[in-house]
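Undergrad: Output the structure for:
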Amino acid sequence: MPKIAFLMDPIETVSVKKDSTLAMIAAAQQRGLEIFYLQQDGLVLSAGVVTALTRSLRLRDDFCATLDPNTAGDDWYALGDEQAVALAEMDIVMMRKDPPFDMEYIYTTYLLERAETEGVMVVNRPSALRDCNEKLFATLFPQCCPELIVSRRMDQLKAFHKQHANVVFKKLDGMGGASIFRVMEQDPNLSVVLETLTNSGREQIMGQVYLPEIVDGDKRILLINGEPVPYALARIPSAGETRGNLAAGGRGEGRPLTDRDQWIAQQIGPELKRRGLMFVGIDVIGDYLTEINVTCPTCIRELNEQFGLDIAGDLIDTCLQHLENT
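TA: Numbering: from 1, shown residues only. Modelled structure (predicted):
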């Protein structure tokens, strides 16, 4: 029986209604995998061996079958006693720790990489998690992106704004729609926005041409081993907002992929596979790629519910197939 460990946030804090990691756990349980629960503080390196302080994890069977939050109750999961095992004893480790992407996150990837060298499949690959900043990584595919700039210099950022007049500025390490500013022509706040985001010229930021198609939704497209799920979740901004992120109050509406969506997925899919990015969520506004989310992509539950899919099951099956082929 394959062993799978989920390195994640405290399980008692997850959203029973929409958490994507919970869907992965249920899919693993339904396929008979032996499941373990692990947090960042449970990784220990000693005498050259990475040990994981894990607890067995099982969802209540009836809840596992449906993930219906109305039937969850207080006993929807059960944890065993903590036990120390060599991380290399796991077959698969799902890295599902939410950002922030800080130094502690990076140190975690180093420890996971040690297990990877001993044959453990880590999803997503630790080196790729470190290398692929979710905003900068998208710029590797300029044919897919809107006009943009990355800089910390006020003169360069202001020149970009002057050229395009309507620009979105954002931090490179932002998440959930935080610290995203739309700055229009003649906006008197341009200087203070740039000073704030760049920490007075000490940090690189990104500027992108404002895409009016955001009113129709910021589409999240999920890819498993480089292949797109055939439906996207369009995160539609609430009234008075320019951000579609669900965390910023956006509403999720499922849609079939367009020809352009498929083309974008084809452009980036081979590179995702090459880097070991097994599960990725890309963001598309109109016809343009804006981000490639590699750390802890979400929206599984929403798409499953709207289209009768089993995205988490497809992911687990793909991982198991990969194990068989290696």
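Undergrad: Can you report how many residues neighbour Ser200?
TA: Residue neighbour count, defined by other C-beta atoms under 10 Å, stands at 11 for Ser200. Heads up, the C-betas are built off the backbone N, CA and C, glycines and all.
Undergrad: cool, Ala27 as well?
TA: So Ala27, with other C-beta under 10 Å, has 20 neighbours.
Undergrad: got a list of what it touches?
TA: The neighbours of Ala27, taking C-beta atoms under 8 Å, 6 or more residues apart in numbering as the test, are 310, 312-313, 315-316.
Undergrad: least trustworthy helix or strand in this structure by mean pLDDT?
TA: The helix or strand of the chain with the lowest confidence, counting by mean pLDDT, DSSP states H and E, is strand 251-256 at a mean of 93.
Undergrad: Could you pull out the strands in the stretch 101-250 of the chain for me?
TA: Across the stretch 101-250 of the chain, reading from the start of the chain, the strands by DSSP state E, counting those that start in this stretch fall at 121-123, 148-151, 167-171, 180-183, 205-209, 218-224, 227-228, 231-236.
Undergrad: Show me what the fourth one is in contact with.
TA: Where contact means C-beta under 8 Å, 6+ apart, the residues beyond strand 180-183 that reach it are 161, 166-170, 174, 189-190, 193, 197, 210, 242-243.
Undergrad: and with 7 Å instead?
TA: Applying C-beta atoms under 7 Å, 6 or more residues apart in numbering, the external contacts of strand 180-183 come out as 161, 167-170, 174, 189-190, 193, 210, 242-243.
Undergrad: swap in stretch 74-88?
TA: 11, 16, 37, 49-60, 63, 115, 118-120.
Undergrad: still on that earlier bit, ranking by neighbours, what's the top pick from the contacts of Ala27?
TA: Counting neighbours by other C-beta under 10 Å, the one among the contacts of Ala27 with the most is Ile316, which has 27 neighbours.
Undergrad: quick one: that residue is in a helix?
TA: Yes: Ile316: assigned to a helix according to DSSP: H, G, I helix; E, B strand; the rest coil.
Undergrad: OK, contacts around it?
TA: 24, 27-28, 31.
Undergrad: and what of Ile221?
TA: Shown here is Ile221, whose contacts under the criterion C-beta under 7 Å, 6+ apart are 228, 232, 257, 261, 265, 281-282, 284.
Undergrad: ok, these vs Cys296, which is closest?
TA: Closest approach to Cys296 among the contacts of Ile221 (C-beta to C-beta): Gly281, at 9.0 Å.
Undergrad: Just give me the neighbour total for the residue lying closest to that closest one once chain neighbours are set aside.
TA: What sits nearest to Gly281 in space, not counting adjacent residues and going by C-beta to C-beta, 6 or more residues apart in numbering, is Pro297, at 3.3 Å. The local packing count at Pro297 equals 21, with neighbours defined by other C-beta under 10 Å.
Undergrad: Then Thr51?
TA: 18.
Undergrad: before we move on, what about Thr21?
TA: Close neighbours of Thr21, defined as other C-beta under 10 Å, add up to 22.
Undergrad: ok and the least confident helix or strand of the chain relative to strand 231-236, angle-wise?
TA: Put simply, strand 251-256 runs at 150 degrees to strand 231-236, going by axes from the mean of the first three to the mean of the last three C-alpha atoms, to 10 degrees.
Undergrad: Give me the buried subset of the contacts of stretch 74-88.
TA: Applying a neighbour-count criterion of 16 or more other C-beta atoms under 10 Å, the buried members of the contacts of stretch 74-88 are 11, 16, 37, 50-52, 54-55, 57, 59, 63, 115, 120.
Undergrad: Greatest separation within those residues: which pair is it?
TA: Spanning the widest gap among the buried ones among the contacts of stretch 74-88 are Val50 and Phe63, at 32.1 Å by C-beta to C-beta.
Undergrad: Much appreciated, bye for now.
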